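A.B. asks: What follows is a predicted structure for the sequence shown.
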Amino acid sequence: MSGIWAWHGSVEEDRAMECDEVMVTVRITAAERTLLRRLAQGHHSDLSEVVADGLLDVIPTLQSPADAYRLLAALAAPAPCALTVWLPTPLADLLVPGAARVAQVTGVRIGSASAMLGATLRLWLTQDPNRLAANLSVMHAGRPAALAAA
């Protein structure tokens, strides 16, 4: 049997193949993409790590109705560039309750995890770039040197 779709494994093998990360594609502007790249380079990180840090920074603020509406405003603005990132599964799982909280507060349902991540990322990137860099420095302060070089 030829082809990549031939699979003869068991359910246990399938479970063992489950990923610890989830691939998500978001829509952002070219300026936002440039800022993300600069932040990643400045902190010896990859884009996915910086996006994860941004998500961790924004998700707790969604308890505030004002921040939930700001997140919706970030989602409404045009974003012509696609960016694909990898998030740890437990972190990606926070997108669902985050979107539910926004819907509860605003009455507006965000249709996908990708849209929720994109809005969260764009809201995070509205901060002053120097503040973002400083916050990343604090978040990465305890990181082992081997990870900083990766």
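C.D. replies: Happy to help now that I have it.
A.B. asks: drop to CA atoms for contacts and neighbour counts, all remaining ones
C.D. replies: Will do.
A.B. asks: where in the chain is pLDDT low?
C.D. replies: 1-18, 142-150 (pLDDT under 70).
A.B. asks: mind listing the helices for it?
C.D. replies: Ranges of helices in the chain, per DSSP state H, are 11-16, 30-42, 47-58, 65-76, 89-92, 95-106, 113-125, 129-139, 145-149.
A.B. asks: Neighbours of Leu72, how many?
C.D. replies: 20 (other Cα atoms under 10 Å).
A.B. asks: I'd assumed Ala119 was in contact with it.
C.D. replies: Yes. Between Leu72 and Ala119 there is a contact at 6.9 Å, judged by Cα atoms under 8 Å.
A.B. asks: measure Ile59 to Leu91 for me?
C.D. replies: Relative to Leu91, Ile59 is positioned 10 Å away (Cα to Cα, to the nearest Å).
A.B. asks: list the contacts for Ala103?
C.D. replies: Going by Cα atoms under 8 Å, 6 or more residues apart in numbering, Ala103 touches 109-110.
A.B. asks: hang on, the earlier thing: which of Ile59 and Leu91 has more neighbours?
C.D. replies: Ile59 (20 against 14).
A.B. asks: Which residue, other than its chain neighbours, is closest to Trp124?
C.D. replies: Gly54 (5.9 Å; Cα to Cα, 6 or more residues apart in numbering).
A.B. asks: Check whether that neighbour really touches Leu121, as I assumed.
C.D. replies: Yes. Between Gly54 and Leu121 there is a contact at 6.2 Å, judged by Cα under 8 Å.
A.B. asks: okay, the two: which has more neighbours?
C.D. replies: Leu121 (27 against 21).
A.B. asks: dump the residue contacts of the more buried one.
C.D. replies: Leu121 touches 51, 54-55, counting by Cα under 8 Å, 6+ apart.
A.B. asks: And for Ile110?
C.D. replies: Ile110 neighbours (Cα under 8 Å, 6+ apart): 99, 102-103, 116.
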